[in-house]
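Novice: here is my input; please provide its structure:
(4 chains)
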There are 4 protein chains.
Amino acid sequence: MKLTPRDPDWQDRVRTSFVAQKFMAHLGASLTHLAPGEVDIELSLRPELTQQHGFFHAGSTSSIADSAAGYAALSLYPAGFGVLTSEFKVNLLNPARQPRLVARGRVIKPGRMLTICQSDVHGIDGEQQVHVATGLFTMVALEGMKD
Amino acid sequence: MKLTPRDPDWQDRVRTSFVAQKFMAHLGASLTHLAPGEVDIELSLRPELTQQHGFFHAGSTSSIADSAAGYAALSLYPAGFGVLTSEFKVNLLNPARQPRLVARGRVIKPGRMLTICQSDVHGIDGEQQVHVATGLFTMVALEGMKD
Amino acid sequence: MKLTPRDPDWQDRVRTSFVAQKFMAHLGASLTHLAPGEVDIELSLRPELTQQHGFFHAGSTSSIADSAAGYAALSLYPAGFGVLTSEFKVNLLNPARQPRLVARGRVIKPGRMLTICQSDVHGIDGEQQVHVATGLFTMVALEGMKD
Amino acid sequence: MKLTPRDPDWQDRVRTSFVAQKFMAHLGASLTHLAPGEVDIELSLRPELTQQHGFFHAGSTSSIADSAAGYAALSLYPAGFGVLTSEFKVNLLNPARQPRLVARGRVIKPGRMLTICQSDVHGIDGEQQVHVATGLFTMVALEGMKD
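Specialist: Next up, the predicted model:
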C-alpha cells in the first residue's frame, strides 16, 4: 500500500510531537525510523522498565507499540490535526527479556477520521529477533488539536 | 461472585510482587486496595507520564490497568504460581487529564490456568470521577514461576 | 448514566433496522429488550448454530453480542444516521451450551461519531445464568447512511 | 516460521472437524486451503449473511475469521486435543460487500496450551481484493476434548 503524507512538513511534525511526549523520554524511548505510515520506536532494557520477573513490563512494551502506531498514523494527516488512541489490543507472544525492544507501527487502513495500525514488537539480542508482541490500534484524528 | 484465595499469605505475596515491579515505582504508582480478586492501583499526574497534549499517555493509563488486573488475578492463585499478561484490550473513553487516576482490576472469570479480568480506570478531580478507560485482560498462571 | 435518544421515533427505527438484518433472522435471533442505550438479543440453541462440540459457535455468540451493541448505539443517534461496527473484542468465559443465550448490549460512552459499548452474553438454563462472554465494541456513526 | 504438525492425520482431523461445525454449513462456508498452521475459509454473499445495508454482517465476517484461526491452530496439535476460542479482536477495515470473502487464518505463535493466530479477511470481486477485516485470536487447546 502506497501511503502519501498530506503535509510537506510531516517529518518535523512527527519528530516534534515525539519529543513533546514526556512519557517517551521517561521510558528512555527513541524514534529510530520514520516513513509515510511507518514509525519505529526503540527501548533498551533498564530495571525501571521491568515487572517482577525482570522482563519488560507489558506496560512498557505496549507503550512503545502505542506511540509507534500513533505516529505512523500522524505522519499521514494534514497540519492542524492531532491524533489520539481510541483503543488497542495487544497479544504478548514471548517474554520480553532481550536487551532491546523495537516497536514497528504500520498504518494498515488510513482514513479521514480513523486510522487503523498494526504494531509489532521484537526483542533484539545481537543477531536474534524474538517476536514479543503484536497489536491492533484505532487512532482517531481531531482537527484543531495541535499535535 | 465470591472469590476465595488459596494461599493464606496472598496479601503479602501480592504486595511483595508489586514492590518488585520496578516499572510501577518508575511511574510513581501505588497499590491502594486489595481484596480477593480485586486490586486498585493509583497514579498522580506528573509531566513524565504525559503525551504531547499534557494528558496521561495511553501507555501510563494501560500500564496501571494491566498491573491492577494482573494482581487481581494473582491474589487467587496458590503460592508458587506466577502470573503473566497474555493479552489485553483497552478502550480509551475520555481524555485522562485529571490530577489522579485509579485503575480498578477485577477478576471476572477465575481459572486454573487462565484468569480473565476487567480493569476500569477513572480520572479523579476532587468529587468528580471521569471514566477514562476500560479494558479486558487475559492472565496466564505459570507454576514454578515465583511471582 | 442517563442516556437520552435524540429521535422521537428511535424505537421504530431500531426495530425496523433489526428486521432488515437478514443475518439475525438466519440465526433465529430476536430482540427482547429495548431502552435508550440498551438492547438485548436472544438466541435459542439449534444444531445449525454450533461448533464441533455442540456448543454455540463463538461466531454465533459474537454475532448477537455485536448486533446488541450496535443497536444500543443506534438507539441514541438522530434520524439519518447509520451505525457500523468499527472493531470489537470478545472474551469467551465459559462454554455456551445452555438452551438459550441473551446478549445485553449497553452503551458505556456515547459520542457524536464513535460510541463505545459493552456486551455481555449469558447462557440461560431454567433459573441458572452462566456468563459465557463479554466484549467491548466501537461503533461508528455515519450521517446519510440510512439504518 | 516453519510449523510442523504432530499428528500424521492432521489434514483428516481438521477436515472432519470443519464438517462437524454445523454453523459453518449454515453460513455456507467452505474450507479452501489447508497447510500446517494455515487455513482459509470462504463465504459467498447471500442475503441471509447481511446486515441492514446489504453488507456481510460483522458477525458473518468474524465467524469465518474465527474458524479459520481455530483450524490453523488445530492443525498443529496432536490427536486427542480439541481447540476452543478463548478471545479475539477484529477490526473491520472496509465495508464487506464483495461477492466473496476469504478468511486466512495463520498461526503466529504456536504453544503447548495457547496458540495465537492472526486472521485477515479479504473481499474478492473478480481481480480485486479489498482488505475487509483483520483480527487476533487466542486459541486454547484442551486435552481429551476430541475435536
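Novice: flag every residue of chain A that's near chain D.
Specialist: Within chain A, the positions adjacent to chain D are A:89, A:91, A:93-94, A:108-109, A:116, A:118, A:131, A:134-136, A:138 by Cβ under 8 Å from any Cβ of the partner chain. To be clear about C-beta, it is placed using only N, CA and C from the backbone, and glycine gets the same treatment.
Novice: looking at chain A, which helix is longest?
Specialist: Looking across chain A with DSSP state H, the single longest helix is helix A:58-74.
Novice: how far off centre is that one?
Specialist: Per Cα atoms, centre = their mean, to the nearest Å, the displacement of helix A:58-74 from the mean C-alpha position of its chain is 3 Å.
Novice: with stretch A:63-83 instead?
Specialist: Counting by Cα atoms, centre = their mean, stretch A:63-83 is centred 8 Å from the centre of its parent chain.
Novice: spell out whether it and chain C are in contact.
Specialist: No - for stretch A:63-83, no contact with chain C is found by Cβ under 8 Å from any Cβ; the gap never falls below 13.5 Å.
Novice: would you mark the buried spots in that stretch?
Specialist: By neighbour count on 16 or more other Cβ atoms under 10 Å in any protein chain shown, the buried set for stretch A:63-83 is A:63-77, A:81-83.
Novice: so which of those residues reach chain B?
Specialist: A:63, A:64, A:66, A:67, A:70, A:82.
Novice: hmm, which two among the residues of chain A next to chain D are most spread apart?
Specialist: A:94 and A:109 (26.9 Å; Cβ to Cβ).
Novice: scan chain A for its longest strand.
Specialist: Determined from DSSP state E, the single longest strand within chain A is strand A:128-143.
Novice: re earlier: just give me the closest of the ones next to chain B among the buried residues of stretch A:63-83 to residue D:28.
Specialist: Nearest to residue D:28 among these, counting by Cβ to Cβ, is residue A:66 at 38.9 Å.
Novice: correct me, but residue A:142 touches residue A:80?
Specialist: No - the criterion here is Cβ atoms under 8 Å, and residue A:142 misses it with residue A:80 at 9.8 Å.
Novice: about what we covered before: ok, then the element right after the longest helix of chain A?
Specialist: Note on helix A:58-74: by DSSP states H and E, the next helix or strand toward the C-terminus is strand A:81-92.
Novice: and the next helix or strand after that following strand, which strands flank it?
Specialist: Proceeding N to C from strand A:81-92, the next assigned helix or strand is strand A:100-109, under DSSP H and E. With DSSP bridges as the test, strand A:100-109 is paired with strand A:38-44 (antiparallel), strand A:114-125 (antiparallel).
Novice: could I get strand A:100-109 in CSV with only the CA atoms?
Specialist: Output of strand A:100-109 as CSV, limited to C-alpha atoms (Å, rounded to 0.1, in the frame of the first residue of the first chain):
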residue,chain,number,x,y,z
ARG,A,100,16.5,-4.0,23.3
LEU,A,101,12.9,-3.7,22.0
VAL,A,102,11.8,-2.3,18.6
ALA,A,103,8.1,-1.5,18.1
ARG,A,104,7.2,-1.1,14.4
GLY,A,105,4.0,0.8,13.9
ARG,A,106,2.4,0.5,10.5
VAL,A,107,-0.8,2.0,9.1
ILE,A,108,-2.9,-0.7,7.6
LYS,A,109,-6.0,1.4,6.9
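Novice: can you give me the buried ones in that strand?
Specialist: Neighbour-count burial for strand A:100-109, counted by 16+ other Cβ under 10 Å, picks out A:101, A:102, A:103, A:104, A:105, A:106, A:107, A:108, A:109.
Novice: show me the contacts for residue A:71.
Specialist: A:14, A:17, A:18, A:31, A:34, A:39, A:41, A:83, A:105 (Cβ atoms under 8 Å, 6 or more residues apart in numbering or on different chains).
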